[in-house]
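Visitor: structure for this input, please:
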Amino acid sequence: MDYASIAETRLSKDDVHYLAQLLASKFDFQPESDIRNLVSLMGGEVVVEDMLLADPDQTKSLIVMAPENFQILVPSHTSPERDRFIVAHELGHYVLHYLWQRKKNPDYPIAVVAYRENRKRLEWEANWFAAALLMPETAFRNTYGVLGRNIRKIAAKFRVSVSAAKVRAKELRLELS
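Guide: Prediction:
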């Protein structure tokens, strides 16, 4: 099967966050929910692969065979917290760079692939989506208010890495200790 490459949406960060929250609402996904279950409910599967020595520009991260038939590929050497963000990030590619694009353009390819390459805007959009899905603004601000500036506890609450929680806090202009 021939696969086309995914394409960026050029949506604003607020629009991307809104789409992440729509998805969460549609599937009753909460920050503490199992992200792999969400992928399954959407017709996808998470596949763990050994990618330690692979060339990132040649390593696939998302394969969409058809609507509601996709795979998210996760490295075997990363932590559960990192994996959770990776899956949400790739789900962002699926929602934004596949479902949204197909909605906008009926001629958009049916089968697409994403690689672990650094195409800045494309990756930003998927990161915005993942952050909003796993650490929704209201929930994150509330947790910050309860736990104070303890980023380790905040990260543990959302089951993400400390670095992901730090980026989200910075994005929301919250001070950390």
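
Visitor: look at residue 115 and report its pLDDT.
Guide: Each residue has a pLDDT score; the one for residue 115 is 83.

Visitor: what's around it, how many residues?
Guide: By other Cβ atoms under 10 Å, 16 other residues sit near residue 115. Where you see a C-beta, it was placed from the backbone N, CA and C, and this is true even at glycine.

Visitor: oh, and call the first residue 47 from now on, that's how I've got it
Guide: Sure thing, new numbering starts at 47, so read that last one as residue 161.

Visitor: ok, it to residue 51 distance?
Guide: Distance, residue 161 to residue 51, by Cβ to Cβ, to the nearest Å: 8 Å.

Visitor: and whichever strand or helix holds residue 128, what's buried?
Guide: Assigning secondary structure by DSSP states H and E places residue 128 in helix 126-140. When neighbours are counted by 16 or more other Cβ atoms under 10 Å, the buried residues of helix 126-140 are found to be 127-140.

Visitor: gap between it and the chain center?
Guide: Its chain's average C-alpha position is 4 Å from that of helix 126-140, according to Cα atoms, centre = their mean, to the nearest Å.

Visitor: and it, C-alpha only, in PDB?
Guide: C-alpha atoms of helix 126-140 as PDB (Å, rounded to 0.1, in the frame of the first residue of the first chain):
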ATOM      1  CA  PRO A 126       5.300   4.800  30.900                       C
ATOM      2  CA  GLU A 127       4.900   8.500  31.400                       C
ATOM      3  CA  ARG A 128       6.700   9.300  28.200                       C
ATOM      4  CA  ASP A 129       4.800   6.700  26.400                       C
ATOM      5  CA  ARG A 130       1.500   8.200  27.500                       C
ATOM      6  CA  PHE A 131       2.500  11.600  26.000                       C
ATOM      7  CA  ILE A 132       3.800   9.900  22.800                       C
ATOM      8  CA  VAL A 133       0.500   8.100  22.300                       C
ATOM      9  CA  ALA A 134      -1.400  11.400  22.900                       C
ATOM     10  CA  HIS A 135       0.900  13.200  20.500                       C
ATOM     11  CA  GLU A 136       0.400  10.600  17.800                       C
ATOM     12  CA  LEU A 137      -3.300  10.600  18.400                       C
ATOM     13  CA  GLY A 138      -3.000  14.400  17.800                       C
ATOM     14  CA  HIS A 139      -1.500  13.600  14.400                       C
ATOM     15  CA  TYR A 140      -4.400  11.200  13.700                       C
END
